[in-house]
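Enquirer: what shape does this take:
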Amino acid sequence: MPPIALRSSLFSSAIAMALFDSDRVRPDKHKSPALWNKSWEDDLQLYEVWGQRGVPIIPGDILPSNTGVQDSDLNTMRRNILDLQSDIRRSALEYLTTDHFAAMWAEQSPEKRKEHILGALVKTCTMMGDVELLRKWCPDMSLKNLGQEPQSYLAFLMSVIEGEDGKIKSFPHTVVDALFDGWAKSAGRGGMVFIEKMRLDRIYFVSTVLWKTLLSFYGKDEAIRYKISGSTEAHRRAMRDIRSDLRSGGQQDRALLRSIKRTMSAKHAEERGICWGCGKTRAELGVDTVFQACSGCKKINKIILYCSRECQKRDWKTGFAGSAPHKEECGKPWEDSVPAESISST
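Expert: Reported below is the predicted structural model:
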């Protein structure tokens, strides 16, 4: 997509000034969450206008002249984001593999999905400080965008899962990025630090909404984040579970499934600690356990590990935990295990 053009527009700039007004009065989010959200989404529609007509040249003086933001503050923000995204990555992966989350999310009605998202938005915006003000950089965090179609939220979630611990996963948005880039062209040192803070603010807000939506779905307490470590069963079984979860048959579903499989395989290659024949982890088997990789799968860079020759033989003949015998899948890429489906044009 070509870069969004910057253009001068008095009308758009005036609306932008209202959107970016920290003192803007909105309906009470606790008493009237739907009206509160509508107030936000009405304002955020401005990003759609900018996407079609070009981002206006918004005066840089709407940014505070003396922010007091230091590089050390940004480092603290980065650490918080890394911790949050790590929690999302581990928990979402666990729910996808062991609890059929993708299927259950898809089976919800759009109204029910939007209910979870609205609750997540409210709880995100009632956190300490002025977290609600960060929503102005997140036009994609809307009920329609995240809840109308099930794949929208799942795609955001997968982008975090596919990230790496220790590296912040950003969420590119053409118009928001163009707005930040426009300010950066004329910003001094202090301004650049503040613009970087705004970029991190967006990442933090989006990540938190994704996290709280997941917690809402499972009825968890949003006040405290929790971590799920380790694996409760072999991820090989999970691959077949996810395949049945994403059963609507669309091209987008198959692409998401392949993405999940590649991620899971990469996790195994990195951790090298799960036997696909018995489901036990290195922690359960002992740190001295030497895993053997399936030679047929290794040729195509598909890492399948076993803790013993017995596990490998048993898996080859009968499979594990209801999955197909490995002899039916050995040496085949993940994509080949997805049944081909016809796609008819509408």
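Enquirer: gap between Q45 and N145?
Expert: Computed as C-beta to C-beta, to the nearest Å, the Q45 to N145 distance reads 12 Å. The way it works is simple: take the backbone N, C-alpha and C, and place the C-beta from them, glycine included.
Enquirer: do N37 as well
Expert: Per C-beta to C-beta, N37 is found 12 Å from N145.
Enquirer: tell me which of those two has more neighbours.
Expert: Higher neighbour count among N37 and N145: N37, with 22 against 16, using other C-beta atoms under 10 Å.
Enquirer: that one touches M141, doesn't it?
Expert: No - with contact defined as C-beta atoms under 8 Å, N37 does not count as touching M141 (10.2 Å).
Enquirer: joint contacts of the two?
Expert: L121 (C-beta atoms under 8 Å, 6 or more residues apart in numbering).
Enquirer: for the helix or strand L146 falls within, packing partners?
Expert: Per DSSP states H and E: L146 is located in helix 143-147. Helix 143-147 sits against helix 33-44, helix 110-124, helix 150-161, with contacts defined as 3 or more C-beta pairs under 8 Å, 6 or more residues apart in numbering; DSSP states H and E.
Enquirer: what's that helix in contact with?
Expert: 37, 41, 110, 113-114, 116-118, 140, 152-153, 156, 209, 213.
Enquirer: just the buried positions in that helix, please.
Expert: L143, N145, L146, G147 (16 or more other C-beta atoms under 10 Å).
Enquirer: between those residues, which sits nearest A103?
Expert: Closest to A103 out of the buried residues of helix 143-147 is G147 (16.5 Å), distances taken as C-beta to C-beta.
Enquirer: give me the neighbour count for the residue nearest to P325 when sequence neighbours are not counted.
Expert: Distances taken as C-beta to C-beta, 6 or more residues apart in numbering place G319 nearest to P325, at 4.6 Å, with adjacent residues excluded. Using other C-beta under 10 Å, G319 has 20 neighbouring residues.
Enquirer: now L35
Expert: By the criterion of other C-beta under 10 Å, L35 has 12 neighbours.
Enquirer: verify the stated contact: it with P27.
Expert: Yes - contact criterion C-beta under 8 Å: L35 and P27 qualify, at 4.0 Å.
Enquirer: quick one on the thing from earlier: wait, the residue nearest to P325 sits on E329?
Expert: No - in this structure, G319 is not within contact of E329 by C-beta under 8 Å, at 9.1 Å.
Enquirer: tell me the backbone dihedrals of the closest residue to D140 other than its chain neighbours, please.
Expert: Nearest residue to D140 in three dimensions, chain neighbours excluded: H173, at 6.0 Å (C-beta to C-beta, 6+ apart). According to degrees, to the nearest 10, the main-chain angles of H173 amount to phi -140, psi 120.
Enquirer: pLDDT below threshold where in the chain?
Expert: For the chain, applying pLDDT under 70 flags the ranges 1-22, 56-68, 129, 187-190, 221-273, 279-284, 320-324, 334-346.
Enquirer: domain ranges for it?
Expert: 6-217, 235-333 (automatic domain parsing).
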